[in-house]
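K.L.:
Turn this into a structure:
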Amino acid sequence: MVTVAKSFEAPIKLVFPQDLLVNGLSASNFAMLGLGDIVVPGIFIALLLRFDRSLQRGSELYFRATFTAYILGLLATIMVMHVFKHAQPALLYLVPACLATPLALAAMRGDLPALFHYEDQPALEEPAAGSSKTKKTE
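P.N.:
Reported below is the predicted structural model:
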């Protein structure tokens, strides 16, 4: 996994220094985070924001809780990587964090059927202030 990830010189990964505090700008030990570790959970979390809004409760509980779980999953990945001094697949920690959080919340709040049957419908556009919509008839 690490060999394949390191062999690509394309913008599909983020590389950041692990030993920046110790070695300053001459840091040589780098960690990688694939864009899939950011984009795929990001799409899921964005859909949870739309789900929150579809419930029309005026809160963003599912979005905020899952976003927090995502951050905690990233921190767990970094912690395990530092403890074991070996590369870790971030999705190993992100997937359970990002799936368990909304499922547990929905189970506690009684929203499981709504969560499982949610279909993202495009929002109805409201007419701009002062304009009138008329239908053409032929």
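K.L.:
Could you use CA atoms for every contact and neighbour count after this?
P.N.:
Fine.
K.L.:
Buried ones in whichever helix or strand Asp37 is part of, by neighbour count?
P.N.:
Assessed by DSSP states H and E, Asp37 sits inside helix 36-55. Within helix 36-55, the residues that count as buried by 16 or more other Cα atoms under 10 Å are 37-38, 41, 45, 47-54.
K.L.:
Ok, stretch 58-68 next?
P.N.:
60-67.
K.L.:
where along the chain do the strands fall?
P.N.:
Ranges of strands in the chain, per DSSP state E, are 13-17, 30-34.
K.L.:
nearest to Met81, of those?
P.N.:
Met81 lies closest to strand 30-34 among the strands of the chain, at 9.0 Å (Cα to Cα).
K.L.:
pull the CA atoms of the closest one into PDB?
P.N.:
Below are the C-alpha coordinates for strand 30-34, written out as PDB (Å, rounded to 0.1, in the frame of the first residue of the first chain):
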ATOM      1  CA  PHE A  30       6.800  12.700   6.000                       C
ATOM      2  CA  ALA A  31       3.300  11.300   6.300                       C
ATOM      3  CA  MET A  32       0.800  10.900   3.500                       C
ATOM      4  CA  LEU A  33      -2.900  11.400   3.400                       C
ATOM      5  CA  GLY A  34      -4.700  10.400   0.300                       C
END
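K.L.:
So what are the sheet partners of that strand and their directions?
P.N.:
strand 13-17 (antiparallel) (DSSP bridges).
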